[in-house]
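In: 3D, please:
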Amino acid sequence: MPSRRLRRLSYGAGCGGPVVHGCRERAAAVDVRSLTLRRELFDTVLTEVTARPGVLLHGPAGIGKSVLVAAVMASWAARDRPAGTVLHCSPAQEDARLPFVGLIDLFARVPDSCLEAPPPGPPAALRAALLRGGEPVGDQERLAVRVAVLDVLRALAAAGPVLLVVDGLQWLDGPSAEVLGFAVRRIEGLDVRVVAAERVADGGQAERLRCCPPGTVELPVPPLTDGEVAHLLRAGLGADLPPAVLRAVQDTAAGNPWYALELGRSARHEGASVGFGRTLPVPPRLRALLLDEVRALPEAARRTLLVAGATARPSLTLLRAAGLEDPAADLARAERLGVATADAGGTVRFCHPLLRAAVYADAPEYGRRQAHALLARAVTEPVERARHVALAHPHEDESTARTLMAAAETARRHGTPDAAFELAGLAARRTPGDRSAQRADRLLAAAEYACDAGQLEEAGQVAGTVLAGSGSARQRVRARLILLRNAGQALEGAHDLIEEGLRDAEGDPEAEAWLHHWAAVRGLLCGELAQAAQHARRAALLAGRAGDTDTRIGALATLARVRSLAGEPVAADAALKEALALLGGADAGPESWGLIRMRAILALDSDRVTEAGRQVGELLAEIDEFAGVEEVMATLVSLTRIQVRSGHCREALRTAARCSRALAETGVQAAPALYAAALAATAGSSAEEARQLAERAVRASEADGDRLFLLRALAVLGQAELLVGDPRGAAAAVEALRRVKERGEAMSAADPPLLHWYSDLAEALVVLGETDAAGAVIEEARTRVSADAPGSVLAALERAEGLREAGLGRAKEGALRLRGAVDRLRQLPLPVELVRTLVALGAVERRARRRHAARVVLGEALETATRIGAAPLAARARDELARLDAGERGAEAGAPELTPTEARIAGLVGGGATNREVATELFISVKTVEGALSRVYRKLGVRSRTALAHAMAVAVIASGAAVGSGDDDRLGPPVQAVTASRPDRVRIPRAPVTRR
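Out: Just a heads-up that it's a prediction; the model follows:
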């Protein structure tokens, strides 16, 4: 009996107690990496095995069915199945011709005692089928085998639960399949479960469901996503593959985990690289598995498959034009083998990407060259034709190199920079050795195209090669420019690279202009605004002398950004207008894209959000198919900012997700994309999601040294923490927003967004009871507000002032300022800001017990927030309305109200904390604790900490029901709740006044 199919099972005496050993060991052997990626499917299988009589997993070879089956067996045996039985078989292809071998494996360890009975009954027939007696002959004995199997299953199930597993149902021999089908149709009511796995073609259906009991659920095992494949390879190989190789593995494996691991191991073992005519190696073991029957095809059919695999878009028309005699007949043969097919329109498709790669890799080198030569004559599209010419002539040739460079430029213009990168790289490789300068120029062009395509590692490698080996100062400058561009936002450490470039560029005004422009960009991102402005002006001047209009325009655009950030909108607009005039207007193609974004952001900061949205929307529609990753990302980040401010919260979430997807394809996680995702989440998702994304954006910005986006990420983090609405969240918001304030001051920044963030800081300080500090922040912000400040900045400061007034106990004055902010915002297309201010006004009116006014305002806030998709603000409005309802009930009982900070302090002091301990817990000053405690004493009518503790204890009894129902959160917590991160707040009965 084949030992490889036996499972370690031991049994008690007779049939009384079969138990499973070795399942825990098997669980350890399961590919944990694959199982982790299949966790949801694995949990589904376990649930269905409990609820249903059977589960049938199906999918192509290597998709992970056996891993799931092994994990289910181990889990089933380990979970409350100490007396259970596992019957298991894993038939192989060669077993399909051997009668009853499946039953032999299933019952391999079932002891003879379970099969003993007076002959010639069913047990004797079963013993014969299991090769423990004479061969079963005739219909009656075959029926006896079926009945005997059913009897054994009943006997095993009487002793304990039974799991019957067939891993490889497609290879189960016919007699075993018939017996199994007979038995499982009759196990209803028995504690028997069936788990089976069947190999089917991609997208196919299971064909052996009859071997499973009625009611079996079919579960397809889907392919892994690209991200899951990357995770699997990282865990399986213990290291990251180069980005280009990883992308090739993902494309070729198409989500099949076994294929991915085999390809990844082979690529790593061979040190493989892809691109420039090099393809991903397919290991011999995979080729043998996939091409066993293909290798037996006639030579003409194999040649047809090779030519089809050598081109990106194979068709019958193209194959005939390449000189193949009868490609349709050849493909018909391939289709019967499940390799490739031609549809009714003549388009040729391989049944799996790995089949195409395997066919190409299996051919000899001369055969591949001949295939490309045939295609070079047949293809008319210049880019594809140039690629085939290069691969058909793998030697140095200047004519071929020039053809490839022309095709690369065509590919770039058509919006396919990845193709341009490969063609330019091939051109460099085909350039004769005595033309080293031309080879370096072509390598630099390839690196630039790689940047456009987001292939940053490849771009850096090529540029580094030129920088290390070129004797031309100008080529070394160009290589440094590519490395600077490759750094993205992480320019803090690029100072030396720029300085070395300036030394190489000395005496070349055009090259100096390039580097001064990069110095300006670095200064902008690193918060060195004065130096950035100097470099930008110098770059514009040098570019003008050199006649380099493009660099001059770029320098002026950077100067406009610097002036805008410094709070000088007039100077920013002047620089932008000069740049647009040089360009000839905003319709000048790619050169105008950055200027259009800048103009839109200036409009956004000036509250002209409709105009900003129109400009960026039109820009995105124009560049979508042609721009590189950097342009698309910058435009999507700008659009997200505009959509959030204009109240298109659902659209902002979709735009931010699109931005993240665009970057995910490059393998880079950039701070701007994380910032956009966090910003969209504050408007349309949840405070918790926004906080997590903002924290990631902060870390990414710090890692890059990008102080500009660090400011924005910290500001969004502060806003997310404010949305939480409790003292702990407010304390975290203060921490983040104080960093914004300090860094903004260090940068000499004074643009409208920064002034908004000052207002957020003041609001957070008010929540903590730090009203004096809040007043100082508001006063400082007022000194920075210019005469032409946007209305939204004034409204934000009025909102902060209103909340501060209310925090000082001057509710009437606070409501007046908040209504002024509301009136101002009603004149602007800023619904999110309006809702936020309405919620603040409603809360103040509620605390002042002007309940009707509060209900009207909060009702409007909830309706508007729901309409625009501002989920976090809608939740805040609903909470305030619930507190309003609870407040009306509490008012009938005469209970006093406490502010959030007062409630938290009362709970902590009532629980025995000292003032200093309270200050440490809430991240506030001892002075703030003392002032708040005095107000609590006054409101509750107590004069000592002992009396306060008594009042809090009474609150536990009197307000327990209110706590459970989520009553008014503006009131003090019971003593049990003082350690909660967001304590429920209840009304506290006033202590009796002792009259003397």
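In: distance of Ala746 from Leu754?
Out: 12 Å (C-beta to C-beta, to the nearest Å). Quick note: C-beta positions are derived from backbone N, CA and C, even for glycine.
In: Revised request: answer the last question for Ser934.
Out: In terms of C-beta to C-beta, Ser934 sits 35 Å off from Leu754.
In: Between these two, which has more neighbouring residues?
Out: Just comparing Ser934 and Leu754: by other C-beta atoms under 10 Å the higher neighbour count belongs to Leu754, 23 against 10.
In: Mind telling me what element the more buried one is part of?
Out: helix 752-767 (DSSP states H and E).
In: Which secondary structure elements does that helix sit against?
Out: helix 707-724, helix 727-747, helix 771-784, helix 791-807 (3 or more C-beta pairs under 8 Å, 6 or more residues apart in numbering; DSSP states H and E).
In: And the next helix or strand after the last one, what's buried?
Out: In this case it means helix 791-807. Remark: after helix 791-807, the chain's next helix or strand is helix 811-825, criterion DSSP H and E. Residues of helix 811-825 classed as buried by neighbour count (16 or more other C-beta atoms under 10 Å): Ala811, Gly814, Ala815, Arg817, Leu818, Arg819, Gly820, Ala821, Val822, Arg824, Leu825.
In: pretty sure the second one contacts Arg799?
Out: No - assessed by C-beta atoms under 8 Å, Gly814 is found out of contact with Arg799, at 9.9 Å.
In: what residues do those two have in common as contacts?
Out: When C-beta atoms under 8 Å, 6 or more residues apart in numbering defines a contact, no residue borders Gly814 and Arg799 alike.
In: Let me have the buried residues of helix 811-825 in a markdown table, extended by pLDDT and distance to Val249.
Out: Below are the buried residues of helix 811-825 laid out as a markdown table (pLDDT from 0 to 100; distance: C-beta to C-beta, whole Å):
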| residue | pLDDT | distance to Val249 |
| --- | --- | --- |
| Ala811 | 90 | 64 |
| Gly814 | 94 | 61 |
| Ala815 | 94 | 63 |
| Arg817 | 95 | 61 |
| Leu818 | 96 | 58 |
| Arg819 | 95 | 62 |
| Gly820 | 95 | 61 |
| Ala821 | 95 | 56 |
| Val822 | 96 | 57 |
| Arg824 | 95 | 57 |
| Leu825 | 95 | 53 |
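In: of those, closest to Ala949?
Out: Distance to Ala949, by C-beta to C-beta, is smallest for Ala811 among the buried residues of helix 811-825, at 28.8 Å.
In: Check the gap between the residue nearest to that closest one when sequence neighbours are not counted and Lys812 for me.
Out: Nearest non-adjacent residue to Ala811, counting by C-beta to C-beta, 6 or more residues apart in numbering: Ala848, 3.8 Å away. Distance, Ala848 to Lys812, by C-beta to C-beta: 7 Å.
In: For the residue nearest to Ala811, give me the backbone phi and psi.
Out: Note on Ala848: its backbone torsions stand at phi -80, psi 0 [degrees, to the nearest 10].
In: And for Gly454?
Out: phi 80, psi 10.
In: go on, Val217?
Out: The phi/psi pair for Val217 (degrees, to the nearest 10) is phi -90, psi 130.
In: what ranges do the helices span in the stretch 151-300 of the chain?
Out: 174-184, 226-237, 243-253, 257-270, 284-291, 299-309 (DSSP state H, counting those that start in this stretch).
In: pLDDT on stretch 674-688, on average?
Out: In this model, stretch 674-688 carries a mean pLDDT of 93.
In: Next, the buried residues of it.
Out: 674-685, 687.
In: Let me have those in a markdown table, adding distance to Ala144 and secondary structure as columns.
Out: Formatted as a markdown table, those follow (distance: C-beta to C-beta, whole Å; DSSP: H, G, I helix; E, B strand; the rest coil):
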| residue | distance to Ala144 | secondary structure |
| --- | --- | --- |
| Leu674 | 69 | helix |
| Tyr675 | 74 | helix |
| Ala676 | 71 | helix |
| Ala677 | 67 | helix |
| Ala678 | 71 | helix |
| Leu679 | 74 | helix |
| Ala680 | 69 | helix |
| Ala681 | 67 | helix |
| Thr682 | 73 | helix |
| Ala683 | 73 | helix |
| Gly684 | 68 | helix |
| Ser685 | 65 | coil |
| Ala687 | 70 | helix |
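In: Pick out whichever of these sits closest to Val179.
Out: Ser685 (55.8 Å).
In: May I ask you to confirm that the closest one is in contact with Ala652?
Out: No - applying C-beta under 8 Å, one finds Ser685 not in contact with Ala652, separated by 9.6 Å.
In: So, low pLDDT: which residues of the stretch 851-996 of the chain?
Out: With pLDDT under 70 as the threshold, the stretch 851-996 of the chain has low-confidence stretches at 887-900, 923, 950-996.
In: For it, which segments count as strands?
Out: Under the criterion DSSP state E, counting those that start in this stretch, the stretch 851-996 of the chain contains no strands.
In: just checking, what's the longest strand in the protein?
Out: strand 192-199 (DSSP state E).
In: ok, residues contacting that one?
Out: With C-beta under 8 Å, 6+ apart, strand 192-199 has contacts from 45, 49, 52-61, 65-66, 68-69, 72-73, 76, 153, 156-157, 161-170, 184, 206-208, 211-213, 216.
In: can you check stretch 454-468 too?
Out: Contacts of stretch 454-468 (C-beta under 8 Å, 6+ apart): 242-244, 275, 418, 421, 425, 440, 443-444, 446-448, 450-451, 475-476, 478-480, 482-483, 486, 488, 628-630, 663, 665-666, 668.
In: So what's the model's average confidence on that stretch?
Out: On average, stretch 454-468 scores 87.
In: pretty sure Thr311 is touching Leu375, no?
Out: Yes - contact criterion C-beta under 8 Å: Thr311 and Leu375 qualify, at 5.4 Å.
In: Out of these two, name the residue with the larger neighbour count.
Out: More crowded of Thr311 and Leu375, by other C-beta under 10 Å: Leu375, with 26 against 21.
In: Secondary structure element holding the more buried one?
Out: Per DSSP H and E: helix 365-378 holds Leu375.
In: Distance from the chain centre to that helix, please.
Out: Computed by C-alpha atoms, centre = their mean, to the nearest Å, the chain-centroid distance of helix 365-378 equals 41 Å.
In: List the buried residues for it?
Out: Applying 16+ other C-beta under 10 Å to helix 365-378 flags Arg368, Arg369, Gln370, Ala371, His372, Ala373, Leu374, Leu375, Ala376, Ala378 as buried.
In: Go through these and say which is closest to Ala557.
Out: Ala376 (43.4 Å).
In: Surely that closest one and Thr400 touch.
Out: No - Ala376 lies out of contact with Thr400 (C-beta under 8 Å); the separation is 10.5 Å.
In: Mutual contacts of the two, please.
Out: Looking at what touches both Ala376 and Thr400 (by C-beta under 8 Å, 6+ apart), the common residues are Val389.
In: does the closest residue to Arg599 other than its chain neighbours belong to a helix or a strand, and which?
Out: Computed as C-beta to C-beta, 6+ apart, the closest residue to Arg599 that is not its neighbour in sequence is Leu576, at 5.9 Å. Secondary structure assignment for Leu576, by DSSP H and E: helix 569-583.
In: Which elements pack onto that helix?
Out: Using 3+ C-beta pairs under 8 Å, 6+ apart, helix 569-583 sits against helix 549-565, helix 593-605.
In: Parallel or antiparallel, which strands does the longest strand of the chain pair with?
Out: The pairing partners recorded for strand 192-199 under DSSP bridges are strand 54-59 (parallel), strand 162-167 (parallel).
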